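Q: Please find the sequence and the predicted model below.
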Amino acid sequence: MRKLVLVESEGLLYRGLSADHPIEIWDYPRKRWVSYEDAGRKRKGWGRQISSARANRLKKDNPDAEHFAYYDIPPWLQPPSQAWLDAVLPDHVKKHVTKVRSRL
């Protein structure tokens, strides 16, 4: 398997195949890597490859990530899977969702 590089873009931490091809993003509040929903090749100059020392600093103290967490929709958020929704939603909510979807 090809080694992933560490990438910084707009102050956020990513891993990818190259500086312009992210596939994972650091979930700052939960301190873990997650799949990047908008993964894939970006325009040249989108991100820059960084050292592991710089990445470790971004994992622990990152004002840009904190800004996203409080004032925007963070790119590390993942939509819930259908299995998760099925496990946590009460039956009456599932029935209502099914009814609404059938009208669409």
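A: Great, that's in hand. Keep in mind the model is a prediction, meaning the values are calculated, not measured. Numbers count the residues shown, from 1 in each chain.
Q: Which residues outside the least confident helix or strand in the chain by mean pLDDT are in contact with it?
A: The helix or strand of the chain with the poorest confidence is helix 82-88; it has a mean of 74 (mean pLDDT, DSSP states H and E). When contacts are defined by C-beta atoms under 8 Å, 6 or more residues apart in numbering, helix 82-88 is touched by residues Lys94. Yep, even glycine has a C-beta here, placed from its N, CA and C like the rest.
Q: How far away from the center of its chain is it?
A: 20 Å (C-alpha atoms, centre = their mean, to the nearest Å).
Q: got it, and stretch 94-104?
A: Worked out by C-alpha atoms, centre = their mean, stretch 94-104 lies 29 Å from the chain centre.
Q: For that stretch, which outside residues touch it?
A: Asp86, Leu89.
Q: Also stretch 29-45?
A: Applying C-beta under 8 Å, 6+ apart, the set of residues contacting stretch 29-45 is 9, 14-16, 20-27, 59, 69, 75-76, 78-79.
Q: Which members of those are classed as buried?
A: 9, 14-16, 20-22, 24-27, 69, 75-76 (16 or more other C-beta atoms under 10 Å).
Q: if we can go back for a sec, which of the residues in the least confident helix or strand of the chain are buried?
A: So for helix 82-88, nothing qualifies as buried (16+ other C-beta under 10 Å).
Q: Export that helix to PDB, keeping only CA atoms.
A: This file holds the C-alpha atoms of helix 82-88, laid out as PDB (Å, rounded to 0.1, in the frame of the first residue of the first chain):
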ATOM      1  CA  GLN A  82     -28.600   4.100   7.500                       C
ATOM      2  CA  ALA A  83     -27.600   1.300  10.000                       C
ATOM      3  CA  TRP A  84     -26.900   3.900  12.700                       C
ATOM      4  CA  LEU A  85     -30.300   5.600  12.000                       C
ATOM      5  CA  ASP A  86     -32.100   2.300  12.100                       C
ATOM      6  CA  ALA A  87     -30.400   1.500  15.500                       C
ATOM      7  CA  VAL A  88     -31.100   4.800  17.200                       C
END
